Structure formats: C-alpha cells, structure tokens
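*Asks:* fold the following and give me the result.
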Amino acid sequence: MKIEEIKANKEKRRKKLERNLQMIVPQLKKFGALKIILFGSFASGDISLRSDLDLVAVMPASKTGRDWLKEIYQEIKRDVSCDILVFNAKEFEDLKDKRVILRDAIKKGIVVYEKRG
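*Replies:* Numbering: from 1, shown residues only. Have a look, this model is predicted:
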C-alpha cells in the first residue's frame with residue numbers, strides 16, 4: 001500500500017469514527033448520561049486503520065454500571081467497533097483513582113459531554 005493510500009484510508013477511518021461519535025453521544029444522553037469521556041487512539045489523534053471508539057459513560061446511580069452496560073449495548077446504534085466502559089456515578093467516584101484505565105481516560109481523554117446542574 002502506498003503512503004498516500006494509507007493516509008487517505010486513515011482519514012476515512014477518522015471521519016467514520018467522528019461520525020459515529022456524533023451518533024453515539026446523543027444516544028447516551030437519551031439514556032441519561034451524566035458524563036462521557038472519549039479516550040484512546042481517536043482522542044489522542046493516533047488513528048490507525050483499526051482504531052475504534054473508546055468511551056467512558058457515567059450514568060445515573062439508579063442502576064448498576066453492569067445493568068446500564070447491558071441496556072446500552074443492546075440499544076445503541078453504531079457502525080464501528082466501540083468500547084464503552086459504563087459506570088454509575090457512585091461506581092465512577094469509587095473507582096476513578098483505583099482503575100488505571102479510568103485514571104488514564106480522565107487524564108488523557110476528552111470530556112465530550114457533561115450534564116450541567
């Protein structure tokens with residue numbers, strides 16, 4: 001594959017990821033998301049042809065993160081691979097300093113949505 005072709009394919013992938021992010025965030029907001037953090041290769045700009053979307057979704061404490069996860073993965077529409085780490089607000093507060101992946105997401109990621117109030 002030529003360098004120009006690789007660059008063009010990476011740009012196509014970037015656009016597809018961006019389109020999916022714009023599709024997923026409103027869906028998570030409809031579920032009641034309190035905060036959504038984008039992290040990983042797309043957030044850092046280090047996109048490869050196999051990059052996916054990596055998100056942390058902080059949801060209301062009315063359900064466990066596991067219950068939210070099941071519901072979200074059944075309902076959410078996307079056409080790209082997407083890893084969504086789902087926590088309710090209490091779980092997120094309890095684990096944000098304990099789990100390396102959460103610390104990295106908070107430190108290096110981009111908050112793409114945060115509910116006000």
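
*Asks:* quick one: stretch 88-96 to chain centroid distance?
*Replies:* Stretch 88-96 has its C-alpha centroid displaced from the chain centroid by 16 Å (Cα atoms, centre = their mean, to the nearest Å).

*Asks:* for stretch 85-97, same thing?
*Replies:* That offset, for stretch 85-97, works out to 14 Å (Cα atoms, centre = their mean).

*Asks:* phi, psi of Gly109?
*Replies:* phi -80, psi -180 (degrees, to the nearest 10).

*Asks:* centre of the chain versus stretch 21-30, how much separation?
*Replies:* That offset, for stretch 21-30, works out to 10 Å (Cα atoms, centre = their mean).

*Asks:* how about low-confidence regions in this structure?
*Replies:* The chain contains residues with pLDDT under 70 at 1.

*Asks:* in it, which spans are strands?
*Replies:* Using DSSP state E, the strands assigned to the chain run over residues 35-39, 53-59, 82-88, 110-114.

*Asks:* check which helices and strands the helix ranked longest in the chain sits against.
*Replies:* Counting by DSSP state H, the longest helix found in the chain is helix 3-31. The contact analysis (3 or more Cβ pairs under 8 Å, 6 or more residues apart in numbering; DSSP states H and E) places helix 3-31 against strand 35-39, helix 41-44, strand 53-59, helix 65-75, strand 82-88, strand 110-114. Backbone N, C-alpha and C define where each C-beta goes, glycine included.

*Asks:* nearest to Leu17, of the strands of the chain?
*Replies:* Across these, Leu17 has its closest neighbour in strand 53-59 (5.8 Å, Cβ to Cβ).

*Asks:* tell me what angle that closest one forms with strand 82-88.
*Replies:* Strand 53-59 and strand 82-88 meet at an angle of 20 degrees, taking axes from the mean of the first three to the mean of the last three Cα atoms, to 10 degrees as the criterion.

*Asks:* any residues touching strand 53-59, and which ones?
*Replies:* With contacts defined as Cβ atoms under 8 Å, 6 or more residues apart in numbering, strand 53-59 is touched by 17, 20-21, 24, 28, 31-43, 65, 68, 72, 78, 80-89, 92, 102, 105, 109.
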